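Peer 1: Fold the following for me, if possible:
(one chain, ligands or ions: 1)
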Amino acid sequence: MTKANRSKFCSTYSLVVVLVLGCAVGPALAASLKSLMGDMRDNTNSAKDVLTNFDTASANRIMERYAVDARAASDMFTGQGGAKEKDLASRFKQLAATANATSQAPMTKAGFRKALSDVTNECKSCHSAYN
Ligand code: HEC
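Peer 2: Numbers count the residues shown, from 1 in each chain. Purely as a prediction, here's the structure:
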């Protein structure tokens, strides 16, 4: 390969790498929001079981898991330019705060029911805006 050819090969190769990475990273971000949402759905199903069969430790674990998922989702959209991304980041941050506020204190069944209803109202509010 001549020097000129090699540099042509390298710039073509770099372009291909950038394209392939770009295509791989876009859907990966979307896929991981999907998996966080799936985890929130599973957690909501567990929450219903805990309402039926209440214990404080499980109730706190559920709120902690919502908080962790919501923080991860908020981080995914933080620092991105668009109005939608900014709103998603702030809604997920709010959800994390709601869940976190109740994840630490020992919960009664009534307190858990109230916290769960606050959380699921935030799910519904965001879904009606974006889904
Ligand atoms: C800040 C916005 C926001 C909040 C809050 C939110 N979601 Fe979502 N949710 C979305 C968006 C956007 C999608 C569409 C994701 C996609 O298809 O890529 C979605 C999709 C989903 C899905 C479908 C996932 C799939 O496999 O297609 C489920 C289930 C779900 N959310 C559950 C929940 C639950 C449960 C909560 C509350 C604990 C919640 N979400 C809170 C924005 C939100």
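Peer 1: Could you report the pLDDT at the residue most central in space within the chain?
Peer 2: For the chain, Ala73 is the residue whose C-alpha lies nearest the centre (Cα atoms, centre = their mean; 2.5 Å). For Ala73, the model assigns a pLDDT of 97.
Peer 1: what do you get for the one 3 residues further on?
Peer 2: Note on Met76: pLDDT of 95.
Peer 1: Need the residues that contact the strand or helix carrying it.
Peer 2: In the assignment (DSSP states H and E), Met76 maps to helix 56-77. Residues from elsewhere that reach helix 56-77 (Cβ atoms under 8 Å, 6 or more residues apart in numbering): 29, 32-33, 36, 39-40, 43, 46-47, 50, 85-86, 88-90, 92-93, 95-96, 99-100, 102-104, 106-109, 112, 115-116, 119. The C-beta positions use only the backbone N, C-alpha and C, and glycine is treated the same way.
Peer 1: for stretch 86-100, same thing?
Peer 2: The contact list for stretch 86-100 (Cβ under 8 Å, 6+ apart) reads 63-64, 66-67, 70-71, 73-74, 76-78, 80, 115, 118-119, 122-123, 125-126, 129-130.
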